[in-house]
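Visitor: with the input below, show me the fold.
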Amino acid sequence: KTSKNIPEDKKQEYYDLLSRLNEEINTLAETDLEKAESIKKFTKATAHEATREELNPNLLETSLEGLYESVREFRTSHPRLVDTVNEICIFLSKLGI
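Guide: Next up, the predicted model:
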């Protein structure tokens, strides 16, 4: 998807983070499908908000908070999942998104 919010030289890094997150969600889905689906939906909402042509900071913040909250309980059981979400949040923050 084309987006002015994420510079061309950063898009591959962003896609790699999303791909890694998807792998972690799929692993979680093997044991907890409902929670994995919730994380997927927040991930999709966050990706959508981050790449909208007209960025709405409130909607992006809400989707990021939802994404973070949806993975928080997995800090011990799925640390890579939580770490990847944190990396995405940091990545977007560094871009000023």
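
Visitor: which SSE is the residue lying farthest from the centre of the chain in?
Guide: If you look at how far each residue of the chain sits from its centre, by C-alpha atoms, centre = their mean, the farthest one is Thr31, at 20.3 Å. In the assignment (DSSP states H and E), Thr31 maps to no helix and no strand.

Visitor: which phi and psi does it have?
Guide: phi -120, psi -20 (degrees, to the nearest 10).

Visitor: from Arg75, how far off is it?
Guide: Distance, Thr31 to Arg75, by C-beta to C-beta, to the nearest Å: 16 Å. In this view, the C-beta of every residue, glycine as well, is placed from N, C-alpha and C.

Visitor: so how far is Thr51 from Asn58?
Guide: Asn58 is 16 Å from Thr51, by C-beta to C-beta.

Visitor: which residues does the closest residue in space to Thr51 that isn't next to it in sequence contact?
Guide: Residue nearest to Thr51 in three dimensions, not counting chain neighbours: Ser3, with 3.7 Å by C-beta to C-beta, 6 or more residues apart in numbering. Contact analysis of Ser3 by C-beta atoms under 8 Å, 6 or more residues apart in numbering lists Lys11, Ala50, Thr51, Arg52, Glu53.
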